[in-house]
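Undergrad: what follows is a predicted protein model with its sequence.
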Amino acid sequence: MQNIRGKLFLFCIIFECCFIVLLILYIGSLWNKTRKTRTSVTPIDRNMLQFPIDTPLQYYYELVPNTVKEDDFSYMRLSGVATHTINADGLNERKMYTVEKPKSIFRIVTVGDSFTEGAFVDTKNNYSEVLEDLLNTNVHCADYQSFEVINLGVAGYDMQYNLERYKRKGLKYNPDLIILWTDENDYVSHNEKYYALAHSWDPVVEAPEIIAMYQNQGDFAPEANAIWYKFNTLYTRTELVKEELIYLRNLLQLTRGNTIIFSLQRIPQDIRQSIFTMIRQYKRAYFFPEIPDSYDAFPDNHPSIEGHKQFAAFLYHKLLSIFFTDCVLR
């Protein structure tokens, strides 16, 4: 009898070990399927955000006006702090811009996520500010005395939030041109769905093994990406991309001037082709998936100061070739 119990006990131990191994292998295989849609995570101090009540979006947020926002490099296990000066309109800017646009001004509005806001670089060094300086220093046009580049970027935005941001903050500035930074994250990271999941599912309690997996990969935000892992088991890439492309279309329909969409060369083919197909319907829309994947970047892939200079230089030359062919370089 004892011998039988001993064999049963041994069998149970072996079975449990096999189950654990299979579970780890399953999680690993599922992670391999979902890791292509992992999102870059930028930590944001909740005290630097406000949550407007006059929006249909449940989790939409904006930067608090008249504040100084700091990006702490310790997130990337580095030392240092980058400072963002948030103006009275809640924009990461060196100054305020008048809502009414003088005829002598060519006004550009930039829209996007942390790449546009300028995560981990001081306000003066984000690509919107650098582009404004390049234009005002080097370009003289008969029709314009100067150029303005107004930065609407906010870390963590998807395409739906970009659209809401432009409705709330961009339209009133009546821009001649909108520049939209976009990447895969904008189409596979649906904020409203993600934050709803984050409020209802705690990976620390329910999936510590997934957190450990990301930690072993050296991930900078294992808990947040564990939620993305869960997110990718609930929603298919196809349905997410399809919905976010609708918001891009709505943004293009709102614009009164021209629109430039730009991204990295590595933007996935399905999204790339969908954008190209969409902009054919808009005579004043352009798509340039041409930023080299080797742009200068921090360890978490956000552009460094040099990377923002590269983005600004790219946009500067595109503007010269499309809109300012009759202007004189100083």
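TA: Perfect, thanks for sending it.
Undergrad: tell me, how many residues neighbour T137?
TA: T137 has 9 neighbours, counted by other Cβ atoms under 10 Å. To be clear about C-beta, it is placed using only N, CA and C from the backbone, and glycine gets the same treatment.
Undergrad: would you mind listing the outside residues contacting stretch 45-56?
TA: 59-64, 67, 69-70, 86, 90, 164, 168 (Cβ atoms under 8 Å, 6 or more residues apart in numbering).
Undergrad: write the PyMOL selection for whichever of those residues are buried.
TA: Provided next is the PyMOL selection string for whichever of those are buried by 16 or more other Cβ atoms under 10 Å:
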select buried, resi 60+61+62+63+69+86+90+164+168
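Undergrad: got the buried residues for the helix or strand where A198 lies?
TA: Per DSSP states H and E: A198 is located in helix 191-200. Across helix 191-200, burial judged by 16+ other Cβ under 10 Å covers N191, E192, K193, Y194, Y195, L197, A198.
Undergrad: same deal with stretch 211-220?
TA: For stretch 211-220, the neighbour count (16+ other Cβ under 10 Å) marks I211, M213, Y214, D219, F220 as buried.
Undergrad: next, give me the two most distant ones among those.
TA: M213 and F220 (14.2 Å; Cβ to Cβ).
Undergrad: what's the weakest-modelled helix or strand in this protein?
TA: One helix or strand of the chain scores below all others by mean pLDDT, DSSP states H and E: helix 2-34, with a mean of 40.
Undergrad: the helix or strand following it: how far from the chain's middle?
TA: Following helix 2-34 in sequence order, the next helix or strand is strand 49-50 (DSSP H and E). Taking Cα atoms, centre = their mean, to the nearest Å, one finds the center of strand 49-50 at 17 Å from the center of the full chain.
Undergrad: quick check: mean pLDDT of the very next helix or strand once past strand 49-50?
TA: Counting by DSSP H and E, the element after strand 49-50 in chain order, helix or strand, is strand 62-63. Mean pLDDT, taken over the full extent of strand 62-63, equals 98.
Undergrad: which neighbours in the sheet does strand 62-63 have, and how are they oriented?
TA: Its sheet considered, strand 62-63 pairs with strand 49-50 (antiparallel) by DSSP bridges.
Undergrad: how near is the closest residue to E184 other than its chain neighbours to I275?
TA: Leaving aside its sequence neighbours, E184 sits nearest to P268 (Cβ to Cβ, 6 or more residues apart in numbering; 5.6 Å). Remark: distance between P268 and I275 (Cβ to Cβ, to the nearest Å) = 11 Å.
Undergrad: the two: which is more packed in?
TA: I275 (21 against 17).
Undergrad: mind checking which helix or strand the closest residue to the more buried one other than its chain neighbours is in?
TA: Nearest non-adjacent residue to I275, counting by Cβ to Cβ, 6+ apart: F287, 5.1 Å away. In the assignment (DSSP H and E), F287 maps to strand 285-291.
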